[in-house]
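Peer 1: give me a model of this one.
(one chain, ligands or ions: 1)
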Amino acid sequence: MPPDARLRPVLIGSEIYRRSSYGPKHPLAIPRVSTALDLIEAMGWLPPEGWVPAPMASPAELARFHHPDYIAALQRAEATQQADAADRARFHIGAHGNPVYREVFSRPATSAGGCLLAARLTAAGGIVHCPGGGTHHGRPDRASGFCYLNDPVLGLLAWLDQGLDAILYVDIDAHHGDGVQDAFHDDPRVFTLSVHEGGRWPFTGAATDRAGGHARNLPVPPGFNDSEMLWLLHQAILPIARHLRPQAIMLQCGADALEEDPLSRLALSNNAHWGVVRALAARPLQQRALGRGAGPDGRGAAPRRAGRRRLQPLVRRTLLGRDLGGAQRRRDPGPGDAGGRARAAGAELRPGGRARPAGTLVHHAPRCAASGRGAGGGAARGGGGAARPAGAARGGLTRGRNRRGARRLRRMRGRAPPPGEGP
Ligand SMILES: [Zn+2]
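Peer 2: All right, here's what the predicted structure looks like:
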């Protein structure tokens, strides 16, 4: 009996992440999804039946977006544990930061299967969280930015196949969600909204790029902080969501926008991600939107990576906010707490719009990424033309929030199981 995503946010996971690695020197070498799932369970944020296992997507299901030759090349690479020169050149397998590793086909196919399952589970509404997905750079016929298969695109296509025709994709990963935007460039049924560091790999997503009217891009400067994200949330993301009145929302919240992540120069704390998750999963919208999630983007350097691992568990907690009730709302400051700098009119999503019932799918990115640790690093310093929004301030508030977040994480570290020792 599949769980009812309308009653409680469903969590989709897989044991395949526990034993899988991109390689010891790869930026995504550290375990992220397995530790996130373990921590979620240790904190008691799972229903008694636990998380729902993600099925591996079949080649036929993947062919909804990906070229059959590319799918076959991924399977071949997994079987032989190598990629020949032709596959490296044509499909970027084993090249451009996309290594051949033990589960180079089965792991991304499982992430894709999780997103396809999420689409099915939200056919009648509800919320699903997939900490193993979010590979938004994947292309139909090649790997890109550590992303082999584009599970967000496959999930969005599954929603379209269910008959939805008004979907909002929100991407707050540090990198532009280029693969998703390009996949729906000419499709008015999917609107993509990306907040990312300007001038950062893949060097797309300028503010003027609107993908034929179906996208908005909000490049932000290095040092982009919590109060600025709060400002964007209430001045741009939520107004767009209100205007579009989507039947479904997918949120990709890669953790590489967190402060001190080596793959970006942004300075968000977990609070910023929780704020976006909470706003988009708000009850009025949740009742008629679909959702899916992906996992932690923990690419931080060693002293910081424990915090990255905790982003997705805390996203799960945020999604359970209705269960935590007022306690969580008191802990998580709203727009008024920005000292007026990020206060915006119309901060709440209002019901209305299309009649089709659905659920809000929240999609977080465990991995997306740039092609290597140094990709775009120099260019990012210039800001890439990104403008700091008027009315948003740097400094004080975010530093205070980050201190509170650090204290909270320190408390959690004392309660969480060591990596690899989860239930
Ligand atoms: Zn990223």
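Peer 1: any low-confidence regions in the stretch 301-423 of the chain?
Peer 2: Low-confidence segments of the stretch 301-423 of the chain (pLDDT under 70): 301-310, 321-423.
Peer 1: hmm, try it at 50
Peer 2: Applying pLDDT under 50 to the stretch 301-423 of the chain picks out residues 301-308, 322-385, 387-402, 404-423.
Peer 1: equivalent analysis for the chain, please.
Peer 2: Short version for the chain, where the test is pLDDT under 50: 283, 285-308, 322-385, 387-402, 404-423.
Peer 1: for it, which segments count as strands?
Peer 2: 10-13, 52-53, 128-129, 167-171, 190-197, 215-220, 248-252, 361-362 (DSSP state E).
Peer 1: which one of the ones you listed lies closest to residue 25?
Peer 2: For residue 25, the closest of the strands of the chain is strand 190-197, at 23.7 Å, according to CB to CB. C-beta coordinates here come from the backbone N, C-alpha and C atoms, glycine included.
Peer 1: quick one: the strands of the chain as JSON lines, columns for mean neighbour count and distance to residue 24 too.
Peer 2: Listed next are those as JSON lines, based on neighbours: other CB atoms under 10 Å; distance: least, CB to CB, whole Å:
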{"stretch": "strand 10-13", "mean neighbour count": "28", "distance to residue 24": "24"}
{"stretch": "strand 52-53", "mean neighbour count": "18", "distance to residue 24": "27"}
{"stretch": "strand 128-129", "mean neighbour count": "32", "distance to residue 24": "29"}
{"stretch": "strand 167-171", "mean neighbour count": "27", "distance to residue 24": "29"}
{"stretch": "strand 190-197", "mean neighbour count": "27", "distance to residue 24": "27"}
{"stretch": "strand 215-220", "mean neighbour count": "23", "distance to residue 24": "32"}
{"stretch": "strand 248-252", "mean neighbour count": "31", "distance to residue 24": "27"}
{"stretch": "strand 361-362", "mean neighbour count": "34", "distance to residue 24": "31"}
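Peer 1: let me have those strands in TSV, extended by distance to residue 149.
Peer 2: Shown next, in TSV, are the strands of the chain (distance: least, CB to CB, whole Å):
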stretch	distance to residue 149
strand 10-13	16
strand 52-53	18
strand 128-129	18
strand 167-171	17
strand 190-197	18
strand 215-220	22
strand 248-252	14
strand 361-362	18
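Peer 1: make a markdown table out of these and add distance to the ion.
Peer 2: Output for those, formatted as a markdown table (distance: least, CB to the ion, whole Å):
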| stretch | distance to the ion |
| --- | --- |
| strand 10-13 | 21 |
| strand 52-53 | 26 |
| strand 128-129 | 18 |
| strand 167-171 | 9 |
| strand 190-197 | 8 |
| strand 215-220 | 13 |
| strand 248-252 | 9 |
| strand 361-362 | 17 |
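Peer 1: hey, C-alpha coordinates of stretch 162-178 in PDB?
Peer 2: C-alpha atoms of stretch 162-178 as PDB (Å, rounded to 0.1, in the frame of the first residue of the first chain):
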ATOM      1  CA  GLN A 162      -0.400  13.100 -15.800                       C
ATOM      2  CA  GLY A 163      -2.100  16.000 -17.500                       C
ATOM      3  CA  LEU A 164      -0.700  18.900 -15.500                       C
ATOM      4  CA  ASP A 165      -0.100  22.000 -17.600                       C
ATOM      5  CA  ALA A 166       1.000  24.600 -15.000                       C
ATOM      6  CA  ILE A 167       4.100  23.600 -13.100                       C
ATOM      7  CA  LEU A 168       6.700  25.800 -11.300                       C
ATOM      8  CA  TYR A 169      10.200  24.700 -10.900                       C
ATOM      9  CA  VAL A 170      12.200  26.600  -8.300                       C
ATOM     10  CA  ASP A 171      16.000  26.100  -8.100                       C
ATOM     11  CA  ILE A 172      18.000  27.600  -5.300                       C
ATOM     12  CA  ASP A 173      21.200  25.700  -5.900                       C
ATOM     13  CA  ALA A 174      24.300  27.800  -6.200                       C
ATOM     14  CA  HIS A 175      24.500  26.900  -9.900                       C
ATOM     15  CA  HIS A 176      22.100  27.800 -12.600                       C
ATOM     16  CA  GLY A 177      19.600  25.000 -13.400                       C
ATOM     17  CA  ASP A 178      20.600  25.000 -17.000                       C
END
